[in-house]
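Colleague: sequence isn't available, so here's the structure alone:
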């Protein structure tokens, strides 16, 4: 990958983000209009684009049993962030402690950040394996993190919203999971996808369109008031994300034999260990009445630090 391609990657994320912020100001959108517009954009991604991307790239991957170590590597990263955040936030109130743990645990491993970085640095196989890596996500989120938050959160902060099984299954946020299920069937049984250059070009174009839509929606919701206010909890979370978790991951990867995890797969895990804050951290904060402003701050600041400082280092190191 040359330097022009690297600048293209940076602009693919930053420009839509700024364009969304400008669009919000230009159209003078109120809070409700911003939410409705960004939700429509995210729905388009989750309903149509993301399942196609997942099915195409995972379905084309050659089967290898060791590939299934990648989701366990993902679980290792989120549990590592969880434990470090939990241990070092013991002095805080339950609500603030949960907010810290959510932010240190969840990271932007999805294709809109971790996946696309792997794609640019390591090629199509990098994106394919990154998508397998992220398959841990729903198991961790709904099987561990959300139940833990409900258990730990004081009752006066809990939202009492109950959905039927049908409503849960038809939730548009789960469509990428259904796409992943189809993709894993294709991958495990090596069911071939059509070899067509036009289809391949179309899917790659969808990747770029999807990323633009995603960051445009985030830019629409960006609020600059008090965004760059630094305090100890923010520095604490950023330190865990960009120093503690990557350092421990690097040591563990060095100890793991190549028979279990190839050098290529280790690069995937190392890249993912540096990922900034996740959108689902914000979603979790909203659902459970946590400190949403703090979480948005972490998301934006960590993304800017990653793009401005961490990504250039990864680019120079891995290429």
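Modeller: Structure's in. What do you need? Everything numeric in this text was worked out from a predicted model, so none of it was measured.
Colleague: now name the helix or strand holding residue 277.
Modeller: Assigned by DSSP states H and E, residue 277 belongs to no helix or strand.
Colleague: tell me the contacts of the closest residue to it other than its chain neighbours?
Modeller: Of all residues not flanking residue 277 in the chain, residue 299 sits nearest, at 3.8 Å (C-beta to C-beta, 6 or more residues apart in numbering). No exception for glycine: its C-beta is placed from N, CA and C like everyone else's. Shown here is residue 299, whose contacts under the criterion C-beta atoms under 8 Å, 6 or more residues apart in numbering are 276-279, 281-282.
Colleague: from residue 66, how far out is residue 299?
Modeller: 33 Å (C-beta to C-beta, to the nearest Å).
Colleague: give the other helices and strands that the helix or strand containing residue 17 contacts.
Modeller: Secondary structure from DSSP H and E places residue 17 in helix 3-27. In this structure, helix 3-27 makes packing contacts with helix 116-122, helix 197-220, helix 311-318, judged by 3 or more C-beta pairs under 8 Å, 6 or more residues apart in numbering; DSSP states H and E.
Colleague: which elements pack onto the shortest one?
Modeller: Right, the one you point to is helix 116-122. Counting by 3+ C-beta pairs under 8 Å, 6+ apart, the packing neighbours recorded for helix 116-122 are helix 3-27, helix 124-133, helix 197-220, helix 263-273, helix 311-318.
Colleague: again, only this time at 6 Å
Modeller: helix 124-133, helix 263-273 (3 or more C-beta pairs under 6 Å, 6 or more residues apart in numbering; DSSP states H and E).
Colleague: which of these sits closest to residue 211?
Modeller: helix 124-133 (11.7 Å; C-beta to C-beta).
Colleague: quick one: that closest one to helix 311-318, angle?
Modeller: In terms of direction (axes from the mean of the first three to the mean of the last three C-alpha atoms, to 10 degrees), helix 124-133 departs from helix 311-318 by 120 degrees.
Colleague: between helix 263-273 and helix 124-133, find me the angle.
Modeller: Counting by the same axes, to 10 degrees, helix 124-133 lies at 60 degrees to helix 263-273.
Colleague: list the buried residues for the worst-scoring helix or strand of the chain on mean pLDDT?
Modeller: The helix or strand of the chain with the poorest confidence is helix 165-169; it has a mean of 74 (mean pLDDT, DSSP states H and E). Within helix 165-169, no residue counts as buried by 16 or more other C-beta atoms under 10 Å.
Colleague: tell me which helix or strand comes right after that helix.
Modeller: Per DSSP H and E, the first helix or strand lying C-terminal to helix 165-169 is helix 175-188.
Colleague: so how far is that following helix from its chain's centroid?
Modeller: From the chain centre to the centre of helix 175-188 is a distance of 18 Å (C-alpha atoms, centre = their mean, to the nearest Å).
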